[in-house]
Structures are given as C-alpha cells and as structure tokens.
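# Predicted coordinates and the sequence they were generated for:
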Amino acid sequence: MIGRSAPLAIAMGLLVLSIVVAIILIPVLDERLRRHAARKAAAEAAANDNARAGAREAGRIVG
C-alpha cells in the first residue's frame with residue numbers, strides 16, 4: 001500500500017479500531033460506574049443509620 005491510498009487506509013483502520021474498542025469498553029465502564037454508585041449509596045445509607053442510632057443513644061443517655 002504505497003501511494004495516495006495508504007493514509008486513507010490507515011485512517012479507516014484506526015476509525016474501525018476505535019469503534020470496536022468503544023463498543024467493548026462502554027458496557028464494561030457503565031457496569032463499573034453502576035457498581036460504584038450502588039456502593040456509595042449503600043455507604044451513605046449506613047452512615048445515616050449509624051448517625052441516627054448514635055443520636056438516639058445520646059438522647060437516651062442525656063435524657
């Protein structure tokens with residue numbers, strides 16, 4: 001592939017490669033993001049529960 005068609009062929013190959021990589025990576029990264037968000041929500045809920053329990057416990061001790 002020598003001549004004017006070589007840069008076009010390289011560009012087309014890189015385009016196809018980037019599309020394939022995107023098709024593979026987008027679902028994987030989406031799943032990782034969903035797991036991270038779920039863990040964060042669970043940690044926040046646990047922290048809120050602990051804060052409420054601590055407030056109730058402090059109310060019992062003081063009052």
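Sure, I can see it.

# Kindly state the pLDDT recorded for His36?
pLDDT, His36: 96.

# do you know how far it is from Ser18?
25 Å (Cβ to Cβ, to the nearest Å). Just so you know, the C-beta spots here come from the backbone N, C-alpha and C atoms, and that holds for glycine as well.

# Check Ala43 too.
Ala43 is 36 Å from Ser18, by Cβ to Cβ.

# what do you get for Gly3?
Taking Cβ to Cβ, one finds Gly3 at 24 Å from Ser18.

# ok, those two, which is more surrounded?
Between Gly3 and Ser18, counting by other Cβ atoms under 10 Å, Ser18 is the more crowded of the two (10 against 7).

# mind checking how far that one is from Ile24?
Distance from Ser18 to Ile24, by Cβ to Cβ: 11 Å.

# in the protein, which spans are helices?
With helices called from DSSP state H, the chain shows them at 5-62.
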